[in-house]
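Trainee: Here is the input, now give the coordinates:
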Amino acid sequence: MGLINAWRGLISSNDDVNKRRNRLKRMYSGAKFDRTNMSWVTPLSSPDQSYKNSINTLRKRVHDLVRNNNYASQAIRYATNQIVGQGVTMQAQIKSQRGGTPNTRINESIESEWSRWGRKDSCDIRGVLCFSELERLAVRSMIESGECFIVIHRKAYGRSKIPFSLEILEAEQLDEDYKGTTKNNKNVWRLGIELSPEGRAVSYAFLKKHPGDTNFATIPEEDRHIIVAAKDVVHLFLPLRPGQHRGIPFLASGINHLHQLDGYIEATVVGQRASSALMGFITSPEGELDVGGEVFDYERVSGFEPGTFKYLAPGESISVPDLDKANGEFEPFVRSMLRSMASGLGCSFEAISSDYSQSNYSSSRLAMLQDRDHWRTIQKMLKETFYQPIFEYWLEMAVLSGTLSLPTYSTTPEVYEKVRWVCRGYSYVDPQKEIAAQKEAVRCGFKTLTDVVSESGGDIEELLIARKTELAKLDEMNIITDSDPSATNKSGGSQFKPVNTIDPFGDTEKPTGDDGDNVAEGSDGNY
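Mentor: The predicted structure is shown next:
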């Protein structure tokens, strides 16, 4: 071969060589093959094919890490708390036909029935989870397993009169190997989902029991599955590639690092314990002697205590093993591995490790803002694919059952489907600066009070009602606080009020200057 290549080189023209060189120069450097990346295998596969080849191992490893690794458990818990918190609040947004003002009566009736249905004996088919707990479990399952399924049952449970309830299923319960009959000759089964030619889900093939259940084998083969129509299934997952039909665990890219970190920490702990407890091994030229010990099954048993040495018999010597102690590389290595894992999850290292020793205010605030952008993206997805579809199904069954009486619902249901989902808000990093910035934004018209309250996870209507009640109670009891802008200014000084406003003390002085032309004295002596 060497001679053949040499002859080819002699007869090859310089033009051919230059063409090959120019072609290589026009390639992306990341696509070139050289000695450093020849072992980099990059097979071409679709999203579903990649899923099929890896998902079972991925899920098993993630479940094991969440059970046994503190950092993995914290990562799942932290992401769930940041996305869902204590639950998402629904605000009905129905408006009156005349004037376009909020229809308070209908809005309150819808919100009241939704809250009543959300009790655990009504919304959960098993009667275990209330709706806020159900949504939290669904999101946690989506993060840990990559996806979650919520099956809709049109049957009333518990105290609810609405024939509507939910069942939450783990991702493993959808049989990805199912190849049964289809509703249409053009449909195909892929990864447990019957798909139309356009790629729309038609049916889902669920196993009646979890495949990890020890009693699963007792179910006959022909009776193992239950086929559910797609309209009765909410498939909760975050697509990462076009054409993807199943979800991937959020920790998929960090599994190897977490596993290696587990082994490193375990080895370090064992080494430290051995280094602290074992002081030395006794050797003797006389061979095995049972001096100060006992022999069981031809093995000597001797006790060791930290910080002690045994007395040696004549002719014996001691050899101290060289056990490496933890050095300054332990913490940097752990931080590096956790940073890599946190990046794969989409959050900051400080949030996963609870270690803020090497961060300052600016870096912590920047990390938190980036994290919140990621969480808000997932919250937006949940509103469109989880909360809104479930609410629309629930509203339909509430009207059909007579629980809600909504005029014109049969002809214009979209009017009553307008709701606002208030996701969990986030506390201030620097309250003094951020509240001042929000106040300026409201004064300039860049934001509304509704925007400000929603960003912190509140409900503007509930806030205003509570505020009105509070102020009325303060006036009734003749109490003025510096938190009432209608009574005191920012520095706590008394504010002048126009005529017909309440001043419980009646001791405001007559204003002077330009303000004196804008107010008048009332019958009670106030201005």
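
Trainee: which non-adjacent residue is nearest residue 418?
Mentor: With sequence-adjacent residues excluded and distances taken as C-beta to C-beta, 6 or more residues apart in numbering, residue 418 is closest to residue 93, at 4.4 Å. To be clear about C-beta, it is placed using only N, CA and C from the backbone, and glycine gets the same treatment.

Trainee: what separates that neighbour from residue 420, distance-wise?
Mentor: Residue 93 is 5 Å from residue 420, where distance means C-beta to C-beta, to the nearest Å.

Trainee: is it true that the residue nearest to residue 418 touches residue 422?
Mentor: No. Contact between residue 93 and residue 422 fails when scored by C-beta atoms under 8 Å: they sit 11.5 Å apart.

Trainee: out of the two, which sits in the busier spot?
Mentor: residue 422 (20 against 15; other C-beta atoms under 10 Å).

Trainee: Could you check how far that one is from residue 147?
Mentor: Residue 422 is 25 Å from residue 147, by C-beta to C-beta.

Trainee: Could you do residue 45 as well?
Mentor: 19 Å.

Trainee: out of these two, which sits in the busier spot?
Mentor: residue 147 (23 against 12).

Trainee: That one reaches residue 247, doesn't it?
Mentor: Yes. Under the contact definition of C-beta under 8 Å, residue 147 touches residue 247, with a separation of 3.2 Å.

Trainee: for stretch 39-57, what is the average pLDDT?
Mentor: Stretch 39-57 shows an average pLDDT of 84 in the prediction.

Trainee: actually stretch 443-457, sorry about that
Mentor: 82.

Trainee: got it, and stretch 472-485?
Mentor: Rounded mean pLDDT across stretch 472-485 is 76.

Trainee: okay, and for this structure, where does confidence drop off?
Mentor: Applying pLDDT under 70 to the chain picks out residues 1-27, 215-222, 274, 277-328, 428, 457, 482-527.

Trainee: Let me see the ranges of the strands in it.
Mentor: Here the chain has its strands, by DSSP state E, at 89-92, 147-153, 165-169, 188-190, 193-195, 201-207, 225-229, 233-237, 281-283, 294-296, 299-301, 317-319, 419-422.

Trainee: Any buried residues in the last one, and which?
Mentor: Of all the residues in strand 419-422, those buried under the rule 16 or more other C-beta atoms under 10 Å are 419, 421, 422.

Trainee: Closest to residue 126 out of those?
Mentor: Here the nearest of the buried residues of strand 419-422 to residue 126, counting by C-beta to C-beta, is residue 421; it sits at 24.9 Å.

Trainee: Tell me how far the closest one lies from residue 237.
Mentor: Taking C-beta to C-beta, one finds residue 421 at 19 Å from residue 237.

Trainee: Now tabulate the buried residues of strand 419-422 in TSV and tack on distance to residue 56.
Mentor: As requested, the buried residues of strand 419-422 are exported to TSV (distance: C-beta to C-beta, whole Å):
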residue	distance to residue 56
419	39
421	34
422	38
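
Trainee: ok, the residues you listed vs residue 38, which is closest?
Mentor: The nearest one, if we look at these relative to residue 38 and count by C-beta to C-beta, is residue 421, at 51.6 Å.

Trainee: circling back: which of the buried residues of strand 419-422 lies at the shortest distance from residue 367?
Mentor: Looking across the buried residues of strand 419-422 and measuring by C-beta to C-beta, the closest to residue 367 is residue 422, at 24.9 Å.

Trainee: quick one, what contacts the closest one?
Mentor: 88, 89, 90, 91, 454, 457, 458, 459 (C-beta atoms under 8 Å, 6 or more residues apart in numbering).

Trainee: same thing but at 7 Å, please
Mentor: With contacts defined as C-beta atoms under 7 Å, 6 or more residues apart in numbering, residue 422 is in contact with 88, 89, 91, 454, 457, 459.

Trainee: Which one (most neighbours) among those residues?
Mentor: Going by other C-beta under 10 Å, residue 88 tops those with 22 neighbours.

Trainee: ok, now which ones touch that residue?
Mentor: Counted by C-beta under 7 Å, 6+ apart, residue 88 has contacts 135, 387, 421, 422, 423.

Trainee: Can you report how many residues lie near the last one?
Mentor: Yep, that's residue 423 we're talking about. Using other C-beta under 10 Å: residue 423 sits among 22 other residues.

Trainee: Surely it and residue 377 touch.
Mentor: No. When contacts are counted by C-beta atoms under 7 Å, residue 423 is not listed as touching residue 377 (11.4 Å).

Trainee: nearest spatial neighbour of residue 63, skipping sequence neighbours?
Mentor: Nearest non-adjacent residue to residue 63 (C-beta to C-beta, 6+ apart): residue 144, at 7.1 Å.

Trainee: same deal with residue 212?
Mentor: residue 172 (6.8 Å).

Trainee: How about residue 396?
Mentor: residue 413 (7.3 Å).

Trainee: do residue 400 as well
Mentor: Using C-beta to C-beta, 6+ apart, the nearest residue to residue 400 is residue 163, at 7.9 Å.

Trainee: Relative to residue 227, how far out is that neighbour?
Mentor: Taking C-beta to C-beta, one finds residue 163 at 21 Å from residue 227.

Trainee: in the sheet, who's paired with residue 234?
Mentor: Beta bridges link residue 234 to residue 150 when assigned by DSSP bridges.

Trainee: Just give me the neighbour total for it.
Mentor: With other C-beta under 10 Å as criterion, residue 234 counts 20.

Trainee: thinking it is in contact with residue 390, fair?
Mentor: Yes. Counting by C-beta under 7 Å, residue 234 touches residue 390, with 6.4 Å between them.

Trainee: Please report how far residue 77 lies from residue 249.
Mentor: Residue 77 is 15 Å from residue 249, by C-beta to C-beta.

Trainee: For the residue nearest to residue 63, give me its contacts.
Mentor: Here residue 144 is in contact with 62, 66, 76, 249 (C-beta under 7 Å, 6+ apart).

Trainee: ok, now with 6 Å
Mentor: 62, 66, 76 (C-beta atoms under 6 Å, 6 or more residues apart in numbering).

Trainee: Likewise for residue 87?
Mentor: residue 132.

Trainee: Lovely, talk soon.
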